[in-house]
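Undergrad: Just to be clear, the model below is a prediction. Sequence and coordinates:
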Amino acid sequence: MSRTRLNTILIALFLTVIFLWLAIPFAMAILWSLVDPDHAWSYPDLFPQKLSFGRWSEMWATTNLAGALANSYTLAPLVAVMAITLAMPTAFAFGRLDFRGKAIAQFISLLPLVLPGFVIALFFTSLLFKLGIYNKFLGIVVGHTVLFLPFAIRILSVSFSQVRQDLIDAARDLGAGPLSRFSVAYLPVLKPGILAALIIVFIQSIEEFALSFVLGSPDFTTVPTILYSYLGYNFIRPNAAVVSLILVVPNVLLMLIFERLLRSEGAVTVGGKG
């Protein structure tokens with residue numbers, strides 16, 4: 001078999017997998033969200049008998065979807081900015097410094113990623129109460145920041161490690177102060193990592209359920225808590241499809257925007273530390 005034909009087959013298989021994994025579920029979600037409330041979609045019908053936006057208007061009128069959207073899109077930017085800010089010193093240490101126990105410290109910093117979400121949520125709720133933090137919004141912001149801090153640390157550690165030491169030394173020799181050295185030598189290399197960390201933490205915060213549910217219920221709702229309420233005992237597929245699209249589509253658009261921003265920044269090609 002020729003190399004060209006093999007590449008064609010592999011590309012075709014890849015596109016088939018992408019289609020089965022993404023396109024079909026997304027199309028099904030759209031169809032289910034447009035099922036008319038008065039005309040159920042069931043076997044043996046291949047497509048819904050009637051399409052309408054009745055489910056969308058019903059969800060907007062009968063649930064706290066507007067409040068949940070406001071909560072989710074207020075939480076996520078705060079969490080992303082706090083995570084980036086808090087991750088900077090640790091990422092600098094992991095990316096630029098050599099010290100005893102560095103590998104152990106890096107492993108410990110990733111532990112929140114491997115622990116079950118509900119376990120973290122239950123223990124974190126107890127900790128917040130002992131600290132006297134009863135505000136649900138503040139508690140979820142703190143919880144999400146701690147939960148997704150490892151993503152920011154890991155991404156920024158790689159970015160810090162790619163900063164060239166000779167650029168830092170040259171800026172210092174020319175009399176640049178700490179802030180000037182950071183803006184000249186560090187910031188151009190860190191920008192793609194900062195943007196990537198921001199979008200990842202933002203999306204993780206938007207989609208997080210366990211901690212938001214445990215800390216916020218019953219009166220502080222986010223979009224995932226409404227979605228999971230329709231995926232529980234009273235499974236209502238059309239309503240769940242509406243909420244899932246509201247949750248997914250903005251995130252896809254944000255990822256496309258950030259991807260364009262990353263491309264506009266350009267791939268940093270200064271490898272090594274000098």
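TA: Arrived safely, thanks for sending.
Undergrad: Can you pull out the low-pLDDT segments for the stretch 151-274 of the chain?
TA: Within the stretch 151-274 of the chain, the segments meeting pLDDT under 70 span 232-235, 261-274.
Undergrad: cutoff 50 now
TA: Scanning the stretch 151-274 of the chain for pLDDT under 50 picks out 267-274.
Undergrad: Show me where it has its helices.
TA: 165-173, 178-181, 187-207, 210-216, 223-229, 237-265 (DSSP state H, counting those that start in this stretch).
Undergrad: T74: which of those helices is closest?
TA: Checking the helices of the stretch 151-274 of the chain against T74 by CB to CB gives helix 187-207 as the closest, at 10.4 Å. All C-beta atoms are positioned from the backbone trio N, CA, C, and that covers glycine.
Undergrad: between that closest one and helix 237-265, how big is the angle?
TA: 180 degrees (axes from the mean of the first three to the mean of the last three CA atoms, to 10 degrees).
Undergrad: so which of the helices of the stretch 151-274 of the chain comes closest to A29?
TA: Nearest of the helices of the stretch 151-274 of the chain (CB to CB): helix 237-265, 4.7 Å.
Undergrad: So which elements touch that closest one?
TA: Packing partners of helix 237-265 (3 or more CB pairs under 8 Å, 6 or more residues apart in numbering; DSSP states H and E): helix 24-33, helix 54-62, helix 65-96, helix 187-207, helix 223-229.
Undergrad: Nearest to S57, out of the helices of the stretch 151-274 of the chain?
TA: helix 237-265 (9.9 Å).
Undergrad: Just give the number of residues close to the nearest residue to G117 once chain neighbours are set aside.
TA: Nearest residue to G117 in three dimensions, chain neighbours excluded: A210, at 3.4 Å (CB to CB, 6 or more residues apart in numbering). The tally of other residues near A210 (other CB atoms under 10 Å) stands at 20.
Undergrad: what residues are up against A210?
TA: Shown in contact with A210 (CB atoms under 8 Å, 6 or more residues apart in numbering): 116-118, 120-121.
Undergrad: ok, now P238?
TA: When contacts are counted by CB under 8 Å, 6+ apart, P238 touches 32-33, 35, 37, 41, 55.
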